[in-house]
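Undergrad: Based on what follows, work out the 3D shape:
(chains A, B, C and D)
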Number of protein chains: 2
Amino acid sequence: MTVTIKDIAEKAGVSYATVSRALNYKYGVNPSTRRQILEIASSMNYSPNAIARGLVKKQTHTIGLIIPDITNPFFPEVARGVEDMSEKMGYSIFLCNSNWDKTKENRYVKLLIEKRVDGLILAPSASVITEEDRQIYSRLPVVLMSGVQSGSGTSSVVVDNVKGGYIAGKYLIEKGRKKLCYIGGAEDSFSVKERFEGFFQAAESSISVSLSPDLVKFGDYRQKSGYRIMKELLENRNIPDAVFASNDLLAIGVIQAIRASGLKVPEDISVIGFDNIAAAGFGEVELTTIEHPKYRMGELAAGILLEKIDLKPEMQENKRVVLEPELIIRRTA
Amino acid sequence: MTVTIKDIAEKAGVSYATVSRALNYKYGVNPSTRRQILEIASSMNYSPNAIARGLVKKQTHTIGLIIPDITNPFFPEVARGVEDMSEKMGYSIFLCNSNWDKTKENRYVKLLIEKRVDGLILAPSASVITEEDRQIYSRLPVVLMSGVQSGSGTSSVVVDNVKGGYIAGKYLIEKGRKKLCYIGGAEDSFSVKERFEGFFQAAESSISVSLSPDLVKFGDYRQKSGYRIMKELLENRNIPDAVFASNDLLAIGVIQAIRASGLKVPEDISVIGFDNIAAAGFGEVELTTIEHPKYRMGELAAGILLEKIDLKPEMQENKRVVLEPELIIRRTA
DNA sequence: GAAATAATTGTAAACGTTTACTATTATTTG
DNA sequence: CAAATAATAGTAAACGTTTACAATTATTTC
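TA: Below you'll find the predicted structure:
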């Protein structure tokens, strides 16, 4: 049906090996023959079959990107970073949403391996790394992103969560806040724990500041959760003067709850988030937060992966790059 | 290196055709042989090579998704809809960001065809459809999404922009607004025009309402643009009592400008957007807007495409489905 | 229990490339 | 101008599957 190298060869009166060479600009084909072949190819609307090529070259120039949910405002930028870098290097990406479901994530990994991707970028939906995971990392180049503990057995790029938490805490304290509060996502999430750790360190470092256990709460990573938790705190008259939410969505929920109760942000309660999602800067939100270099993270992950792909398996080594968080001061703290 | 059907065949002492049949659950292989083969396959950690299969079956179970920019809050939901539906039907998606660049979009189309995707979903970066585009639609199943005029020569799924604009206008008028204003994205964008058309119709339908040409402005689709345009209007003392922005980002910028000038939304000026992006509902934004069924659009596009793929080319027919917009009343109008 | 039929398995070609190796032709060299 | 060399082109195998067809083996039927 579609045009193949053979068709071109026939029309040009040469063998199809020659056509292949001409098309791939390999040296060793007569310039005039090549010109002729190229012309015929374009006139026949020839489109090289990357599947066939992939089969013989054992390379698809394709990588898999598995993230929990592209709809979560954290991930589009990451994905864009991955895509931009990949495109620049001649790779395409399969986008897969694991929907925070480890089983689905694993199914995707399996599928992508069947599709013979050259490598995999994974923002895991769970923090723990299983034996099965390690097994996968030995089958193909993988780089992990975001919320991954060190010693994962493969390359990873993460933000310095502890430092981010620390910066948030320090800033709040400098602003004269005394009664701190931490509202985190899922308690078993690695990054939630790390951000808390940094925040806790900051609180500890100042004797006049408290971070009492009843002002450390966990839920999940959605806005509603922030709203609910904060509302409860307010209703119980357990009122901090500053809250650090472990991500921006949560922080927005927290602010809503505070304002709904008639209190003011930041006058009565300062609120600081984490991630600096695009919406944090929107109009009336103006959230003070910690920048999580999302785009850069994606870009780096892709860069590291592509570098790995170019190396023979025994030459590949695992890198861990830790990105710097940064305080973004807006209006809520 | 990796395990192939031949390796399994050898170990099982059968021909590799039999292994292929067993693995694919084709009828005509002895149950006990199959059991044995399956066991060997799994013990050897066999992963079928989808590339090789794709070559012979001339089907990759892969579709391409080209959108302008996943970082634009409109697209993640669309992409998610596409992905969910595709996954359900056993297809993977290549994600490509054209970055609103027609040239890049075309390069991607070409690349995806080389990678032999079974079909293509395209949210075009430009409104006009060229001869080249039509040529492409004849090469493989394509469905277009969002901002596509009818008669595009292939299937498409869009929202009823005219109706959306009309609903916005009607609502503002019902609320007693008299001096309407339209702030649109790029003037040559099809959807910008359509939304205006509907809005204009609504304005026309009521004699006590004005929509004067100096209150119809165009820019691009970013927040800043909305801010800038509105600011100018306010500075020139050309002040409407209601503005319909052709998307939410623009609307947010408009609101910022209004509030920065000391006026109140919605008391002094009502603002209504379009798209209902997630951030429109966030905390303090609470934007009144027109729902654009983004997820549904992606889901439908994928559904229509997959249906098309299953049909012989001559059986494929072009569908155009028009989704209903819906008024979402929040706090800005 | 032989013939007919059904079930299972094997053989080989095909999918569209790339590439090692060989063959041919053109060019240089002394 | 013959020999040596360089440039160009061709042949055939390989990549890992699927599948039409043929071959074999098992089962049924009378």
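Undergrad: going forward, measure contacts between C-alpha atoms and count neighbours the same way
TA: Noted.
Undergrad: domain assignment for chain A?
TA: The record's domain parsing of chain A by automatic domain parsing lists A:5-48, A:57-159+A:294-323, A:161-291.
Undergrad: Can you add mean pLDDT and distance to residue B:173 and give these back as a markdown table?
TA: Shown next, in a markdown table, are the domains of chain A (pLDDT from 0 to 100; distance: least, CA to CA, whole Å):
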| stretch | mean pLDDT | distance to residue B:173 |
| --- | --- | --- |
| domain A:5-48 | 91 | 55 |
| domain A:57-159+A:294-323 | 94 | 34 |
| domain A:161-291 | 94 | 25 |
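Undergrad: now for these, which one comes closest to DNA strand D?
TA: Of all the domains of chain A, domain A:5-48 sits nearest to DNA strand D, with 3.5 Å by CA to the nearest atom of the strand.
Undergrad: The closest one close to chain B?
TA: Yes - contact of domain A:5-48 with chain B (CA under 8 Å from any CA of the partner chain) involves A:47, A:48.
Undergrad: now swap in stretch A:285-301 and tell me
TA: Yes - looking at stretch A:285-301 against chain B by CA under 8 Å from any CA, the contacts come from residue A:285.
Undergrad: what about that stretch, start to end distance?
TA: 30 Å (CA to CA, to the nearest Å).
Undergrad: packing partners for the host helix or strand of residue A:21?
TA: Assigned by DSSP states H and E, residue A:21 belongs to helix A:16-23. On a contact count with 3 or more CA pairs under 8 Å, 6 or more residues apart in numbering or on different chains; DSSP states H and E, helix A:16-23 meets helix A:5-12, helix A:31-43.
Undergrad: In space, not sequence, find me the middle residue of chain A.
TA: For chain A, residue A:78 is the residue whose C-alpha lies nearest the centre (CA atoms, centre = their mean; 4.5 Å).
Undergrad: Now that one. Its backbone dihedrals?
TA: phi -60, psi -50 (degrees, to the nearest 10).
Undergrad: what does residue A:206 give?
TA: Torsion angles, degrees, to the nearest 10, at residue A:206: phi -130, psi 120.
Undergrad: Start from the N-terminal end of chain A and give the strands.
TA: For chain A, strands defined by DSSP state E occupy the ranges A:62-67, A:92-97, A:119-122, A:142-145, A:155-159, A:180-184, A:216-218, A:242-245, A:270-272, A:289-291, A:320-323, A:326-328.
Undergrad: Give me the sheet partners of the second one and which way each runs.
TA: Strand A:92-97 has the following strand partners under DSSP bridges: strand A:62-67 (parallel), strand B:92-97 (antiparallel).
Undergrad: Ok, the fourth one next?
TA: Strands that pair with strand A:142-145, judged by DSSP bridges, come out as strand A:119-122 (parallel), strand A:155-159 (parallel).
Undergrad: hey, C-alpha coordinates of that strand in CSV?
TA: C-alpha atoms of strand A:142-145 as CSV (Å, rounded to 0.1, in the frame of the first residue of the first chain):
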residue,chain,number,x,y,z
VAL,A,142,15.3,4.5,34.1
VAL,A,143,15.4,7.8,35.8
LEU,A,144,13.1,8.6,38.7
MET,A,145,11.7,11.9,39.5
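Undergrad: which residues touch that strand?
TA: Strand A:142-145 is contacted from outside by A:119-124, A:154-158, A:297-298, A:301, A:304-305, using CA atoms under 8 Å, 6 or more residues apart in numbering or on different chains.
Undergrad: and if you look at the fifth one?
TA: With CA under 8 Å, 6+ apart as the contact definition, strand A:155-159 has outside contacts at A:142-148, A:292-293, A:297, A:300-301, A:304, A:317-325.
Undergrad: got the helices and strands packed on helix A:16-23 as CSV, with distance to residue A:18 and mean neighbour count columns?
TA: Listed next are the helices and strands packed on helix A:16-23 as CSV, based on distance: least, CA to CA, whole Å; neighbours: other CA atoms under 10 Å in any protein chain shown:
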stretch, distance to residue A:18, mean neighbour count
helix A:5-12, 8, 17
helix A:31-43, 9, 15
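Undergrad: The closest residue to residue A:163 other than its chain neighbours: what's it in contact with?
TA: Counting by CA to CA, 6 or more residues apart in numbering or on different chains, residue A:163 lies nearest to residue A:198, which is 5.7 Å off, once chain neighbours are set aside. When contacts are counted by CA under 8 Å, 6+ apart, residue A:198 touches A:161, A:162, A:163, A:164, A:165, A:166, A:167, A:169.
Undergrad: Near the nearest residue in space to residue A:10 that is not next to it in sequence, how many other residues are there?
TA: If the residues on either side of it in the chain are set aside, residue A:10 comes closest to residue A:16, at 8.0 Å by CA to CA, 6+ apart. Neighbour count of residue A:16, defined by other CA atoms under 10 Å in any protein chain shown: 17.
Undergrad: go on, residue A:262?
TA: By other CA under 10 Å, the residues close to residue A:262 number 9.
Undergrad: ditto for residue A:315
TA: Residue A:315: 9 surrounding residues under other CA under 10 Å.
Undergrad: go on, the one 3 residues further on?
TA: A count of nearby residues for residue A:318, using other CA under 10 Å, gives 17.
Undergrad: now swap in the one 5 residues further on and tell me
TA: Around residue A:323 sit 17 other residues, with neighbours defined as other CA under 10 Å.
Undergrad: could you measure it against DNA strand C, distance?
TA: Going from residue A:323 to DNA strand C by CA to the nearest atom of the strand, to the nearest Å gives 38 Å.
Undergrad: Now tabulate the strands paired with strand A:142-145 in CSV and tack on mean neighbour count and distance to residue A:96.
TA: Shown next, in CSV, are the strands paired with strand A:142-145 (neighbours: other CA atoms under 10 Å in any protein chain shown; distance: least, CA to CA, whole Å):
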stretch, mean neighbour count, distance to residue A:96
strand A:119-122, 25, 10
strand A:155-159, 25, 19
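Undergrad: These into JSON lines, with extra columns for distance to residue A:100?
TA: Shown next, in JSON lines, are these (distance: least, CA to CA, whole Å):
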{"stretch": "strand A:119-122", "distance to residue A:100": "12"}
{"stretch": "strand A:155-159", "distance to residue A:100": "18"}
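Undergrad: Looking at those, which is nearest to DNA strand C?
TA: strand A:119-122 (19.4 Å).
Undergrad: before we move on, the earlier item: to residue A:100, which of the helices and strands packed on helix A:16-23 lies closest?
TA: With CA to CA, the closest approach to residue A:100 among these belongs to helix A:5-12: 44.5 Å.
Undergrad: Is there proximity between that closest one and DNA strand C?
TA: Yes - shown here: helix A:5-12 in contact with DNA strand C (CA under 7 Å from any atom of the strand) through A:5, A:6.
Undergrad: okay, the angle between that helix and helix A:31-43?
TA: 120 degrees (axes from the mean of the first three to the mean of the last three CA atoms, to 10 degrees).
Undergrad: is helix A:5-12 up against DNA strand D anywhere?
TA: No - legend: contact between helix A:5-12 and DNA strand D by CA under 7 Å from any atom of the strand is lacking; minimum distance shown is 7.7 Å.
Undergrad: Any idea how many residues pack against the residue lying closest to residue A:167 once chain neighbours are set aside?
TA: Using CA to CA, 6+ apart and skipping residues adjacent in sequence, the residue nearest residue A:167 is residue A:327, 6.9 Å away. Per other CA under 10 Å, the neighbour tally for residue A:327 reads 18.
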